[in-house]
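**Student:** The amino acid sequence is not available; the structure is as follows:
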């Protein structure tokens, strides 16, 4: 259904439901909708709806939460589509995996895209929050070591902004 649907609103809803179902068989069709060079997808005149569909696909992959879904998001994080890349970097931390930290922290040094840096800061915080109890300390330690070695000190502004704008109490 996801690959064959031509009505963009129905497609967005189908993608949303795929995440709720959580079946790994949806990973490949969702990944197809994240590809920036998908010709059929680019022919739509409603660019806002296309962006919404891509954001929904990212959310659905996070909800599916399997290794294949993670790999689909890693691939999308290398996209030429800056808005997609920013959203992926902000959300991939929800996997809480130690391997996620390297990917996200690399983007903290991106001097060309301030929005991507902010999403990376958000992604680091998501990684801390979403890590399971056994993994949480090692994820934080790994992130702090990488940040101390590789990241410019001016990224602290992104963390302050996120903490101030967060609906959750800061910790």
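**Tutor:** Looks like it arrived, so ask away. Keep in mind that what you see is a predicted model, and the values were worked out from it rather than measured. Numbers count the residues shown, from 1 in each chain.
**Student:** Show me where the chain dips below the pLDDT cut-off.
**Tutor:** Residues of the chain meeting the criterion pLDDT under 70: 1, 36-45, 96-99, 150-171.
**Student:** Let me know the secondary structure of residue 112.
**Tutor:** With DSSP: H, G, I helix; E, B strand; the rest coil as the basis, residue 112 sits in coil.
**Student:** Provide the backbone phi and psi angles at the residue nearest the centre of the chain.
**Tutor:** For the chain, the residue sitting closest to the mean C-alpha position, by CA atoms, centre = their mean, is residue 88 at 2.2 Å. Main-chain torsions, residue 88, degrees, to the nearest 10: phi -60, psi -50.
**Student:** Ok, residue 81 next?
**Tutor:** phi -80, psi 100.
**Student:** circling back to that earlier point, and the residue nearest to the centre of the chain, what is it in contact with?
**Tutor:** Taking CB atoms under 8 Å, 6 or more residues apart in numbering as the criterion, residue 88 is in contact with 58, 73, 76, 77, 79. The C-beta positions use only the backbone N, C-alpha and C, and glycine is treated the same way.
**Student:** Among those residues, which one sits closest to residue 145?
**Tutor:** residue 77 (21.4 Å; CB to CB).
**Student:** ok, now how distant is the closest one from residue 51?
**Tutor:** According to CB to CB, to the nearest Å, residue 77 stands 16 Å off from residue 51.
**Student:** repeat for residue 115
**Tutor:** For residue 115, the distance to residue 51 - CB to CB - is 14 Å.
**Student:** can you check residue 148 too?
**Tutor:** Distance from residue 148 to residue 51, by CB to CB: 35 Å.
**Student:** picking up where we left off before, so residue 77 and residue 51 - more neighbours on which side?
**Tutor:** In terms of neighbours (other CB atoms under 10 Å), residue 77 is the more surrounded of residue 77 and residue 51; the figures are 23 against 14.
**Student:** The more buried one reaches residue 92, doesn't it?
**Tutor:** Yes: Residue 77 lies in contact with residue 92 (CB atoms under 8 Å); the separation is 6.5 Å.
**Student:** can you list residues touching both of those two?
**Tutor:** residue 103.
**Student:** so residue 129 is in which element?
**Tutor:** helix 114-130 (DSSP states H and E).
**Student:** ok, then the element right after that helix?
**Tutor:** helix 133-150.
**Student:** So which elements touch that next one?
**Tutor:** Applying 3 or more CB pairs under 8 Å, 6 or more residues apart in numbering; DSSP states H and E, we find helix 133-150 packed against helix 98-106, helix 114-130.
**Student:** Which residues does stretch 25-36 contact?
**Tutor:** 2-3, 11, 15, 18-19, 38, 41, 53-54, 57-58, 60-61, 64, 66, 68-69, 72, 75-76, 79-81, 84.
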